[in-house]
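**Student:** Sequence below, structure please.
(one chain, ligands or ions: 1)
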Amino acid sequence: MSLPREERLKALGLWPVWRRRGIPGPDAAAPAAPPPVRAGNAPLPPRGVGQQAMPVMDSGLTAPDWDALRQAVQTCTRCPLHETRGKAVFGVGDPVADWLLIGEAPGADEDRQGEPFVGQAGRLLDAMLTAIGQQRGTNVYIANVLKSRPPGNRDPRPDEVAACLPYLECQIDLIRPRIILALGRFAAQSLLLTEASISRLRGRVHEYRGVPLVVTYHPAYLLRNPGDKAKVWEDLCLARQTLASFRTKTGD
Ligand code: URA
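**Tutor:** Predicted coordinates for the structure are as follows:
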């Protein structure tokens, strides 16, 4: 489902707009040193290691900047959901967060306000963050797989996911989080390209675009099944431990 970056940016109408800051375009005289090249979905290097002000893309171009990406999402017509949405829900939080939380799609409240997880499930999500000493907006970024609300909160369709996922990939490349928490079956299955149940996906560390990923229950599920709170706590602890061991390894 994941396209090479150039294809993805072309598909989003975001190519070839961005160049590494301060570096001449492809038509200019040969650059002093060749830009770093990485394979399409190769892991991102650790933050701070040879890093430019903006992430370096395969071709030496930068990822689209936040403003361009936000604008592209807000005016997106790549799937029919744009016809029924209120506001596109881009994502919210710290643009250089260690923690990236990924939900499914905006609900009614989010569609009205243009921000992810602002309803009842969002309040529970905030409480989950508090439990691990974090808070929305500080070292945490929250986004969804889909940026537009499926009418009546129906399940997202594969074509909608395919159309929208490149935006999330761009967000990940810009943020370079150190841990991803996939909230619920839908986010987990979409990111990990699997149909495995959430109970099979929980309890271990996966990887998405080179970033460790932990799966947990969606807060909306937890509202209906409060008995599973202990499992979510285990998942949060696993994510926190994973992040801590990353820091120990890199001395960061
Ligand atoms: N559920 C989600 O998955 N995302 C939101 O933003 C709100 C509810």
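
**Student:** So which bits of the lengthiest helix in the chain are buried?
**Tutor:** Among all segments of the chain classified by DSSP state H, the helix with the greatest residue count is helix 229-250. Applying a neighbour-count criterion of 16 or more other C-beta atoms under 10 Å, one finds Lys231, Val232, Asp235, Leu236, Leu238, Ala239, Arg240, Thr242, Leu243, Phe246 buried in helix 229-250. C-beta coordinates here come from the backbone N, C-alpha and C atoms, glycine included.

**Student:** Give me the pLDDT value at the residue in the stretch 1-150 of the chain that the ligand sits nearest to.
**Tutor:** Here the stretch 1-150 of the chain gets closest to the ligand at one residue, Gly103, 2.8 Å apart by C-beta to the nearest ligand atom. Looking at Gly103, its pLDDT is 98.

**Student:** what's the neighbour count on it?
**Tutor:** By the criterion of other C-beta atoms under 10 Å, Gly103 has 28 neighbours.

**Student:** Check the burial of Thr138 by counting its neighbours.
**Tutor:** Counted by other C-beta under 10 Å, the residues lying close to Thr138 total 11.

**Student:** again but with Thr194, I slipped
**Tutor:** 12.

**Student:** Excluding covalently adjacent residues, which one is nearest to it?
**Tutor:** Leu201 (7.2 Å; C-beta to C-beta, 6 or more residues apart in numbering).

**Student:** got a list of what that neighbour touches?
**Tutor:** Leu201 sits next to Ala182, Ala188, Gln189, Leu192, Thr194, Val215 when contact means C-beta atoms under 8 Å, 6 or more residues apart in numbering.

**Student:** Check what pLDDT it gets.
**Tutor:** 98.

**Student:** likewise Gly13?
**Tutor:** pLDDT, Gly13: 57.

**Student:** what do you get for Tyr217?
**Tutor:** On the pLDDT scale, Tyr217 gets 98.

**Student:** swap in the one 3 residues further on?
**Tutor:** We have a pLDDT of 97 for Ala220.

**Student:** what's near enough to touch it?
**Tutor:** Counting by C-beta under 8 Å, 6+ apart, Ala220 touches Gln120, Ala121, Gly184.
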